[in-house]
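**Student:** Sharing a model that was predicted from the sequence below.
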Number of protein chains: 2
Amino acid sequence: MSTPHPHPHLNRWIVEPGKTPGLGVLDPASIDDAPGDKEITNAACDELVEQLRDLQIRLWAERSQSLLVVLQAMDAGGKDGTIRKVFTGVNPQGVHITSFKAPTSDELARDFLWRVHARVPAKGEIGVFNRSHYEDVLIARVDGLVAEPTWRRRYGFIRDWEEMLVSEGTTIVKLFLHISRDEQARRLQARLEDPTKRWKFEPADMDARSKWDDYQRAYEEAIAETATQQAPWYVIPSDRKWYRNWAVLKVLTSTLEMMDPQFPSS
Amino acid sequence: MSTPHPHPHLNRWIVEPGKTPGLGVLDPASIDDAPGDKEITNAACDELVEQLRDLQIRLWAERSQSLLVVLQAMDAGGKDGTIRKVFTGVNPQGVHITSFKAPTSDELARDFLWRVHARVPAKGEIGVFNRSHYEDVLIARVDGLVAEPTWRRRYGFIRDWEEMLVSEGTTIVKLFLHISRDEQARRLQARLEDPTKRWKFEPADMDARSKWDDYQRAYEEAIAETATQQAPWYVIPSDRKWYRNWAVLKVLTSTLEMMDPQFPSS
């Protein structure tokens, strides 16, 4: 796959197929190429949300292709905040957010792709996965929920399945919100101290925190194994929320521009 | 894949991976290795249904693996009759039959595997697909519903998806009920003449009949492209219904015996 990526301005975040992202050296506090300081960048975000809204209307009217956005991050990495900031203001009729929690017994009784496949976007829709099938090679690995040969085989199954979706008309964008261990500590602390955030705290957060290194390694490998030309991974520096929001909006609007949805002519 | 198939007595029907089944030379009226004449074979079927019932109870109690049976045939090939004969008498709680008709608009708005993936059996269950994702490389090809590169790519996606299901705990058996053009004519004629069968007749039956050769070629290629060690195809001579029923029961009971489901020890 030597074709250059079609969005040169997204190259700073994209994971090149075959390369390991090297999370340890990528700076989670980067504000590389931001349009300006926090205030200026937030203003740029407002414009990008408008643009996303317009592009979504065209996608919905065209109804011939769909966009699947996979959001992954460490606990407190900012998945919920990103969804709120990016998609508030976009017509919810054509945007479906699915949050995947611990699998139900019905889900555990099937293969790991069953529950995510059921929620892929229809033509005309944007589907957002808040956590996803990637948990089945992340927590499943770190917590030893399945044997190593099982989660290792899943990398290939994920590549195959995503390639099938792309071939059948879905564009896939995978986003890893990259935060530092210190930033995670600050956010978890805030959850404990701020009564408006305490509801988000779960004891499992501290458990996952103690496995920080294991998770980082699992993420690096999962991303390296599944970063393809057709279903790219982006590593988004996410210690600064304003930069993260801008970067995610940039990836989504650029991707939709490349999809170039058109109003039907008749 | 040079491993011999684990059921030597099924070798007469199995399609060897990498081989084209040659439907034109396989005799649809074969009664090869039948236990006896029609009467004797029907009695053998009754015993096999008993055996299937017992194996299904163990599968249901064990709840750690599942069986997916894919049934394909030309029109009037005997899919409905096979299901009635084979599964009547088995506890319907653990057996789910899904008949796939022309796709709905919701189904057409997703990839071709979406609707079948939703209906795969849970652990402990037997799932039967009356028609399946194979229609998306059969009627989709013969009637030109999608472009050739699209249906050609689907062979690989089908192999990948079935391999994933097998890896995650599902045993797959694919059955092509092979009838002759003359037998099809007799059965369609009977549908027109017999008031208890007329409800089954559809004008599309005659249309598909005129495309007999196209369908046979499409079946040969689809079977050759997707006959794998892990998800084998069986071509069942089906002109004689009593032989067909016996052969299908033989394949299913032998497969379940190989799966060897056990009652939980505690």
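**Tutor:** Yes, it's here.

**Student:** Show me the shaky parts of chain A.
**Tutor:** For chain A, the stretches with pLDDT under 70 are A:1-8.

**Student:** any idea how far residue A:209 is from residue A:142?
**Tutor:** Using CB to CB, to the nearest Å, one gets 12 Å for the distance from residue A:209 to residue A:142. The C-beta positions use only the backbone N, C-alpha and C, and glycine is treated the same way.

**Student:** no no, residue A:23
**Tutor:** 15 Å.

**Student:** same question, residue A:164
**Tutor:** 27 Å.

**Student:** Residue A:53 now?
**Tutor:** From residue A:53 to residue A:142 the distance is 38 Å (CB to CB).

**Student:** More neighbours: which of these two?
**Tutor:** Neighbours per residue, other CB atoms under 10 Å in any protein chain shown: of residue A:53 and residue A:142, the larger number sits with residue A:142, 17 against 13.

**Student:** so what's that one up against?
**Tutor:** A:211, A:214, A:215, A:218 (CB atoms under 8 Å, 6 or more residues apart in numbering or on different chains).

**Student:** Which element is encountered next along the chain beyond the helix or strand hosting the last one?
**Tutor:** Secondary structure from DSSP states H and E places residue A:218 in helix A:212-226. Tracing the chain C-terminally past helix A:212-226 and defining elements by DSSP H and E, one meets strand A:233-237 next.

**Student:** got the angle between that following strand and helix A:212-226?
**Tutor:** For strand A:233-237 against helix A:212-226, the angle by axes from the mean of the first three to the mean of the last three CA atoms, to 10 degrees is 140 degrees.

**Student:** Which elements pack onto strand A:233-237?
**Tutor:** Using 3 or more CB pairs under 8 Å, 6 or more residues apart in numbering or on different chains; DSSP states H and E as the contact test, the elements touching strand A:233-237 are strand A:170-178, helix A:212-226, helix A:241-259.

**Student:** can you give me how far that strand is from the chain middle?
**Tutor:** 8 Å (CA atoms, centre = their mean, to the nearest Å).

**Student:** What segments of the stretch 1-150 of chain A are strands?
**Tutor:** A:66-73, A:95-99, A:126-130 (DSSP state E, counting those that start in this stretch).

**Student:** Out of those strands, the one nearest residue B:160 is which?
**Tutor:** Among the strands of the stretch 1-150 of chain A, strand A:66-73 comes nearest to residue B:160, with 17.8 Å by CB to CB.

**Student:** Up against chain B, what does chain A have?
**Tutor:** Chain A has residues A:63, A:106, A:109-114, A:117-118, A:120, A:122-124, A:150, A:153, A:157, A:160-161, A:163-165, A:167-170 near chain B, with proximity defined as CB under 8 Å from any CB of the partner chain.

**Student:** how about 7 Å then?
**Tutor:** Contact residues, chain A versus chain B (CB under 7 Å from any CB of the partner chain): A:106, A:109-114, A:117-118, A:120, A:122-123, A:153, A:157, A:160, A:164-165, A:167-168.

**Student:** Identify the residues contacting the spatially most central residue of chain A.
**Tutor:** By CA atoms, centre = their mean, chain A has its centre lying nearest to residue A:71, at 2.2 Å. If you count contacts by CB atoms under 7 Å, 6 or more residues apart in numbering or on different chains, residue A:71 has them with A:79, A:82, A:128, A:129, A:130, A:175.
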